[in-house]
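Undergrad: Let's see this in three dimensions:
(one chain, ligands or ions: 1)
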Amino acid sequence: MVAEAGEEAAVRTMEGGEEEEQGPFAANGSKPNPEDEDELEEARKVVGEDGVSYETLEDAEAGNKIQAVCPMVVASREVKEKKKVISFATTGLKDVYLWIDIFGFAVLDSHGKVTRSVPYPMLASWMIDNDLFQVQLVNKKGKQKVYTYLTGYHTAVKIKNRLWEYIDLYLKHPKAVEALQSFCQAIEEGNVVSTDLLKEGIPLDKESFIDESLTKAKKIPLGTNKDGTPKAAKLAKSKSSSKSSKVPKDAQDLARAEAELRTLREALQKALEERDEAKEKCEGLDAQLELLQLEAKGGESGDGGEKLKQVSEEAKQLKEDLELAVRERDNLSKQLENAMERMQSMETGEAGNTQQEVLHYQQEAQQLAALMEEQHSIIDDLVKAKMDLESQVAQEKGARQQAEAIAEAATNEAASAIAAAEAQGEQLQGEQAQIVAAGAAAIMEGCEGLRRDLATCRSEAEALSTAVPLMSAFALRQLSDFMASGAFASMRDAMERYKKECKLRKQLYNQLIELRGNIRVFCRVRPLFGKEVEEEEEDVTRFPEEDEITVLASDGSYSRAKTYEFDKVFQPDSSQTAVFEEVAPLIASVLDGYNFCIFAYGQTGSGKTHTMEGPREDPGVNTRAIAELFRLAEERGEDYEIIVSASVLEIYNEQLGDLLVRDNSKKLEAKLAKDGSVHVPGLTAMKVETPQDIVKVMEVASKNRAVSATNMNEHSSRSHAMLSVSVTCRNRISKQEHRGKLHLVDLAGSERVGKSEATGARLKEAQSINKSLSSLGDVIQALSAKKGHVPFRNSKLTYVLQDSLGGHSKVLMFVQASPAGSNTSETRCSLDFAARARNVELGQAKQNSTRYGDAGDGGRTAKH
Ligand SMILES: Nc1ncnc2c1ncn2[C@@H]1O[C@H](COP(=O)(O)OP(=O)(O)OP(=O)(O)O)[C@@H](O)[C@H]1O
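TA: Modelled structure (predicted):
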């Protein structure tokens, strides 16, 4: 067999090279095209594995030509039409197509290449068992080989149906049956079937085949052939000659009909036999009756009367039996007639009906098959899904194995790394051990030295322990001798003298600065608080000596440290009382008719208000100063009459305001009197008779003071506030009157505009503050440089402070400082300013003293 030979090749071989010749199974007689040629050429090269295929055309020509033709004709036709007749999957194979024809079956791969083709004669048997399609082949030597294909149930059913479809078509087509019979017989006998047989064969184009088959099936009754012989017989013959054990469906139906006919014939035969038997019986009875009738006639003459009666009854019975037999006979005759009729009809016209029935059954069977197919397609899908899952599982397994292999490799690697590390560790341990040993040896040596030292120390200590008591006793003796001697007394005297000297020196210094009229400067540093503590800010202030302060760099280093000396330096823990103690001695001068100005300078939040005003429960300088005034006045006795009044002036945005009236929109102007004193016409002055009165005054002023928030301090004062207390002290006896003024000024914050990040109204405030404070700086500068012109008029602040800074007043400045590192530069600016101010010599203060009645009292009289 030439399993690979294509249709054209096969025909050529058989026809002796007639290329134009078309094989009998060529689809509609179409001519082959070059592409088909290529495909077929390709197909020829494929070698079957079963040992029954032929490799070359020569082989085919050498023998068994015809056997090669049939499958190849079918195969090439299918290849040509590129039909995927049946597809199935086998392990390791993809897109393999299997198809079966009446002449055999072939297997194609996805490219349409024939991988195996088997002619019908070699197909010993085939069967479909669930998902398996099994073919048993037999080669020329009679060797059997079984091929099993995994098809899926649905595919298996397709295979079966297709096979039956072709067989049905062939069996319905007389020419096909003839061809099949001759073909099979020829092969069975080992003859080569002539090509003419195939040439004369019927086309396998399915559509035309079906039409033609059905037309012919109508025209040619199945019961007869063209030559008039009963077809069943021929079929039986063909069936017996075929190697296939399968019986066509029509043949089965006809066989069934034959069997039925046979049964009916047998029944008819039986009925005829029974009829003959009954006939015989009837004839016997008639004869008996006749005889009896004769006997009856003779009996009437003698004692034959009884006998006649008996015979008559018997005859009556026999008659009844006869009638029954006749009915039976008629019945059987009728049955026989029916059977004959039925047989006749079967033999004549009912074959068509049977055919119809068969077709009907076929249709039903097809419908059932379609339903089955549906189910099988679902099952196929499930089988496919299962296979997919299995392949996935296989993949997963592969991946897992790979992962395990990687893990194992990693484990091995880790193990070897650990081993290497251990080895290295051991080596390192060895090295370390050597180092440790060397170190230990050195330490031991050191210890030995220490031990020696210790022993020396111990011996020295022992020596000392004996010496110390002796020495102590000696020292005590010396001390008591010393104390008993005049040296100790003189030393104590010296100490006391030294203290007196210091006090004197201070007094002299105070007198000196009094004479010079220097501005006294007290520096007060507040403690770190709130945010500064939370953020752990650096405290950049140090106090190396009394009344000295050092400001470090903002990071707390001494790199840019600067030390200042002031008249007094109050550290953060200084109390309000301690601060006022230093102020108190200066207050008395107010009662003596001197002007005294205390002002607090410093950046926002540095403690100006705290020092001047202070909280109610721990008041600052203002309250304490007034209280001191009243205390001093009281101290002076009833000879003195003290008249005290207070006013509070605000300078806000270069405008003067009265803080003792709620509506301070009234414009105020400072006036400089001829005597050099400054007064503000229209400014409210409140009589103060007790220290508590001044507290009330300050509360009113505090409420009216312009206060707004900035990002430097939660309640930053944005204006300068000046509490002016006028004190008139009259001596009732001498009629001497002293008029002194105490100005207590809480300046606005001195921080730079840039840092306050103020905008809009706040910016204007800051600019005004800057202007007044820089004017103050200029005034201080001019005063310290003893310049002829002092620019008091440059700002409202300096103008108002003119009578304090202009030479007739005593001035004390509190420079307030923050210890926080973030405020370092502001602190330095303030301290630099204060240091300059301290150098200012205002000259000796002028006492305002007149005779009683020489000048107006300017206030109401307070009697003590
Ligand atoms: N010596 C101090 N001891 C304890 N707390 C202080 C001290 N000095 C200032 N404070 C506190 O620091 C905060 C700021 O002080 P204060 O209002 O007096 O600053 P300021 O210089 O007057 O500010 P502004 O220029 O905004 O008026 C206040 O809460 C105050 O109680």
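Undergrad: Quick one: end-to-end length of stretch 801-818, please.
TA: 26 Å (CA to CA, to the nearest Å).
Undergrad: Mind telling me which residue of this protein is nearest the ligand?
TA: The ligand sits closest to Gly607 of the chain, with a gap of 2.7 Å, by CB to the nearest ligand atom. For glycine as for every other residue, the C-beta is placed from the backbone atoms N, C-alpha and C.
Undergrad: For burial, what's the neighbour tally of that residue?
TA: Look at Gly607: counted by other CB atoms under 10 Å, it has 23 neighbours.
Undergrad: Please name the residues that touch the closest residue to it other than its chain neighbours.
TA: With CB to CB, 6 or more residues apart in numbering as the criterion, Gly607 has its nearest non-adjacent residue at 3.9 Å, and that residue is Arg526. Arg526 is in contact with 572, 606-607, 610, 816-819, counting by CB atoms under 8 Å, 6 or more residues apart in numbering.
Undergrad: With Pro791 instead?
TA: Applying CB under 8 Å, 6+ apart, we find Pro791 in contact with 775, 778-779, 782, 798.
Undergrad: can you tell me which of these lies nearest to Ile694?
TA: Ile694 has its nearest neighbour among the contacts of Pro791 in Thr798, at 26.0 Å by CB to CB.
Undergrad: model confidence over whichever strand or helix holds that closest one, on average?
TA: Secondary structure from DSSP states H and E places Thr798 in helix 796-800. Here helix 796-800 scores 91 as its mean pLDDT.
Undergrad: contacting residues around it?
TA: Residues lying outside helix 796-800 but in contact with it, judged by CB under 8 Å, 6+ apart, are 649, 651, 654-656, 670, 672, 678, 680, 720, 722, 747, 772-773, 775-776, 778-779, 791-793, 805.
Undergrad: show me what contacts the residue of the chain closest to the ligand?
TA: Residues in contact with Gly607 (CB under 8 Å, 6+ apart) are 524, 526, 816, 818.
Undergrad: Ranking by neighbours, what's the top pick from those residues?
TA: Sorting those by how many neighbours each has (other CB under 10 Å) puts Gln816 first, at 30 neighbours.
Undergrad: Now name the helix or strand holding that residue.
TA: Following DSSP H and E, the helix or strand that holds Gln816 is strand 809-817.
Undergrad: Skip ahead from that strand and say which helix or strand is next.
TA: Using DSSP H and E, the next helix or strand after strand 809-817 towards the C-terminus is helix 824-838.
Undergrad: Now do that next one against strand 809-817, angle only.
TA: For helix 824-838 against strand 809-817, the angle between stretch directions is 160 degrees (axes from the mean of the first three to the mean of the last three CA atoms, to 10 degrees).
Undergrad: what mean pLDDT would you report for helix 824-838?
TA: Per-residue pLDDT values across helix 824-838 average out to 90.
Undergrad: Identify each buried residue in it, please.
TA: Applying a neighbour-count criterion of 16 or more other CB atoms under 10 Å, one finds 824, 826-831, 833-838 buried in helix 824-838.
Undergrad: for stretch 594-601, same thing?
TA: Buried residues in stretch 594-601, counting neighbours by 16+ other CB under 10 Å, are found at 594-601.
Undergrad: Let's have the residues you listed in JSON lines, adding pLDDT and secondary structure.
TA: Listed next are the buried residues of stretch 594-601 as JSON lines, based on pLDDT from 0 to 100; DSSP: H, G, I helix; E, B strand; the rest coil:
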{"residue": "Tyr594", "pLDDT": "86", "secondary structure": "coil"}
{"residue": "Asn595", "pLDDT": "87", "secondary structure": "strand"}
{"residue": "Phe596", "pLDDT": "89", "secondary structure": "strand"}
{"residue": "Cys597", "pLDDT": "90", "secondary structure": "strand"}
{"residue": "Ile598", "pLDDT": "93", "secondary structure": "strand"}
{"residue": "Phe599", "pLDDT": "90", "secondary structure": "strand"}
{"residue": "Ala600", "pLDDT": "94", "secondary structure": "strand"}
{"residue": "Tyr601", "pLDDT": "92", "secondary structure": "strand"}
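Undergrad: partner residues bridging Phe599?
TA: With DSSP bridges as the criterion, the beta-bridge partners of Phe599 are Val745, Met813.
Undergrad: so who does it touch?
TA: 743-747, 801, 811-814.
Undergrad: Specify which member of the residues you listed is nearest to Leu324.
TA: Asp746 (158.3 Å).
Undergrad: Help me confirm that that closest one comes into contact with Gly602.
TA: No - assessed by CB atoms under 8 Å, Asp746 is found out of contact with Gly602, at 10.2 Å.
Undergrad: These two - which one has more neighbours?
TA: Neighbours around Asp746 and Gly602, counted as other CB under 10 Å, are more numerous at Gly602. The numbers are 31 against 26.
Undergrad: which residues does the more buried one contact?
TA: Contacts of Gly602 were listed using CB under 8 Å, 6+ apart, and they are 608, 747, 749-750, 814-818, 830.
Undergrad: which two in the residues you listed are spaced the farthest apart?
TA: The largest distance within these, taken as CB to CB, falls between Leu747 and Ser818 and amounts to 15.3 Å.
Undergrad: Just the buried positions in the host helix or strand of Glu699, please.
TA: Using DSSP H and E, Glu699 maps to helix 691-704. Applying a neighbour-count criterion of 16+ other CB under 10 Å, the buried positions in helix 691-704 are 691, 693-695, 697-698, 700-701, 704.
Undergrad: Which residues outside it are in contact with it?
TA: With CB under 8 Å, 6+ apart as the contact definition, helix 691-704 has outside contacts at 613, 616, 619, 622-623, 626-627, 630, 646, 648, 650, 657, 659-662, 664, 686-688, 721, 723, 725.
Undergrad: so Ile587, which of the three states?
TA: Reduced to three states with DSSP: H, G, I helix; E, B strand; the rest coil, the structure at Ile587 is helix.
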